[in-house]
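In: Turn this into a structure:
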Amino acid sequence: MRTCTVDGCDRVHRAKGYCASHYNSILAPDRHRTELTCAECGTAYVTTRTDGRFCSLLCRDVTRRRGTAERRASMPPKVKAPRAPRDLRTPLCRAIDAGNNGRVLTLLLARTKVTSTGCMEWQGTVKDAYPAVTVAGRVRAVHRLVLEAHLGASLGTQPAHHICANSVCVNPLHLQAVTHRENVAEMLARTYLVRRIGELEAALALVAPHHTLLTEVGLALKVA
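Out: Below is the predicted model of the structure:
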């Protein structure tokens, strides 16, 4: 097998006594070299690549960055769909704002306990002896909310009177809208009656300490 005639080269002979490598370097050193013009800066440069466009990596990167910027500028702006605002109101607040009286009654009366006398006693917060609930950051009297929902109208400045005399009761059938004068008169009458019963009980205890009415009155007072 013939080998390259160049001293020290034992590659296979290609043509004219040379291997492929020495043939190209000695007889046709510029056969694969082409002079091109840089597409970015316009400088002439020599390269062995037939598809070369740039004289350096710097020119290539400049062209790529400009093309990217142009594509982004031609794209329509991205418009984010507006998010629907979150409703942070409580179910009770939403029902009151919507004027849904049935829903208001359902939510409030679900937090009560029915007694043997028919009272629906509030099981939540009690403030100044009356049931209270926070609506939209404001403390509201539960018995007034219940009565307003039951009547389907606002009480305004009218008091909500407890017919059952149980201040923690929110049974709409045990509540009525009264004037301030009527409310004060009822309170005074009730206070007078309680005091009068106590006086009569004390007088009866002196005459008949073991009378059955004393026990009945005592039970009646406890129930009231």
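In: show me what contacts Glu121?
Out: Thr112, Lys113, Val114, Thr115, Asn166, Val168, Cys169, Val170 (Cβ atoms under 8 Å, 6 or more residues apart in numbering). (Each C-beta comes from the backbone N, C-alpha and C, glycine too.)
In: wouldn't the first one be in contact with Trp122 here?
Out: Yes. In this structure, Thr112 sits in contact with Trp122. The criterion is Cβ atoms under 8 Å, and the distance is 5.8 Å.
In: Next, the contact list for Ala44, please.
Out: Glu35, Leu36, Thr37, Cys38.
In: Surely the second one forms part of a helix?
Out: No. Applying DSSP: H, G, I helix; E, B strand; the rest coil, one finds Leu36 to be strand, outside a helix.
In: And it, how far from Val46?
Out: 8 Å (Cβ to Cβ, to the nearest Å).
In: Under a three-state scheme, what state does Pro77 occupy?
Out: Assigned by three-state DSSP, the conformation of Pro77 is coil.
In: Between Thr112 and Trp122, which contacts overlap?
Out: Counting by Cβ under 8 Å, 6+ apart, the residues touching both Thr112 and Trp122 are Val170.
In: Compare these two (neighbour count), which wins?
Out: When Thr112 is set against Trp122 and neighbours are counted by other Cβ atoms under 10 Å, the residue ahead is Trp122, at 23 against 20.
In: how about that one, what does it touch?
Out: Contacts for Trp122 (Cβ under 8 Å, 6+ apart) come out as Arg111, Thr112, Pro131, Val142, Val168, Cys169, Val170.
In: Next step: those residues restricted to helices.
Out: Among those, the members found in helices (DSSP state H) are Val142.
In: Which members of the contacts of Trp122 define the maximum pairwise distance?
Out: Farthest-apart pair in the contacts of Trp122 is Arg111 and Cys169; separation 12.9 Å (Cβ to Cβ).
In: Of these two, which one has the most company?
Out: Shown here are Arg111 and Cys169; by other Cβ under 10 Å, Cys169 has more neighbours (26 against 16).
In: For the more buried one, name its beta-bridge partners.
Out: In this structure, Cys169 bridges to Glu121 when assessed by DSSP bridges.
In: Surely it is in contact with Val114?
Out: No. Using Cβ under 8 Å, Cys169 makes no contact with Val114, being 9.9 Å away.
In: Overlap in contacts, these two.
Out: Common neighbours of Cys169 and Val114 (Cβ under 8 Å, 6+ apart) are Met120, Glu121.
In: Which pLDDT does the model give Thr212?
Out: Note on Thr212: pLDDT of 76.
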